[in-house]
Structure formats: C-alpha cells, structure tokens
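Peer 1: Below are the sequence and a predicted model for it; my questions follow.
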Amino acid sequence: MKINFLGDSITQGAGAERPENMYTTLVADYFKAEECNYGIGGTRIAKQIKPTDNPDDDVFM
C-alpha cells in the first residue's frame, strides 16, 4: 500500500527533530506502507494539488 500525504510545512516535516519522527513517517510505518510526502512549506493544500506518479495509489491524506 502507498500513502500519499498532501499538506504544508507540518506535513513536510517542520518541527520534527529527525526525519523518522515526522508524522507522515510514523503513520506509514504503522500501516507498513510506502510513504509519499508531498508536503510543501508555506503553501495551502489548494495550491499544491498535483497529479500523482501512479493513479493506482491506495490512500491520500
């Protein structure tokens, strides 16, 4: 399963002391899924929606 995360700086990893502490990584690890992080700091979700690499993705968050 692949989980795609769309969001702002928090999704990108702002505030996490280490990459493995990012909430996106923790969620993906919990579900034993591939993490695809499309977080972009300083943006809003409406400005960053883009096509995915694979239309067969399972989950978007």
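Peer 2: Here it is on my side, so go on.
Peer 1: rest of the way, CA atoms for contacts and neighbours
Peer 2: OK.
Peer 1: Could you report the separation of Ala14 from Glu20?
Peer 2: Noted for Ala14: a distance of 12 Å to Glu20, by CA to CA, to the nearest Å.
Peer 1: The two: who's more crowded?
Peer 2: Neighbours per residue (other CA atoms under 10 Å) separate Ala14 from Glu20, with Ala14 holding more: 15 against 12.
Peer 1: In contact with that one, which residues?
Peer 2: Ala14 is in contact with Gly41, counting by CA atoms under 8 Å, 6 or more residues apart in numbering.
Peer 1: would it count as being in a strand?
Peer 2: No: with DSSP: H, G, I helix; E, B strand; the rest coil as the criterion, Ala14 is located in coil rather than a strand.
Peer 1: So what are the sheet partners of the helix or strand harbouring Leu6 and their directions?
Peer 2: In the assignment (DSSP states H and E), Leu6 maps to strand 2-7. The pairing partners recorded for strand 2-7 under DSSP bridges are strand 34-39 (parallel), strand 59-60 (parallel).
Peer 1: hey, which of those is tucked in deepest?
Peer 2: strand 34-39 (a mean of 18; mean count of other CA atoms under 10 Å).
Peer 1: Contacts made by it with the rest, please.
Peer 2: Contacts for strand 34-39 (CA under 8 Å, 6+ apart): 1-13, 24-25, 28.
Peer 1: so Met1 sits right up against Ala33, yeah?
Peer 2: Yes: look at Met1 against Ala33 with CA atoms under 8 Å: they come within range, at 5.0 Å.
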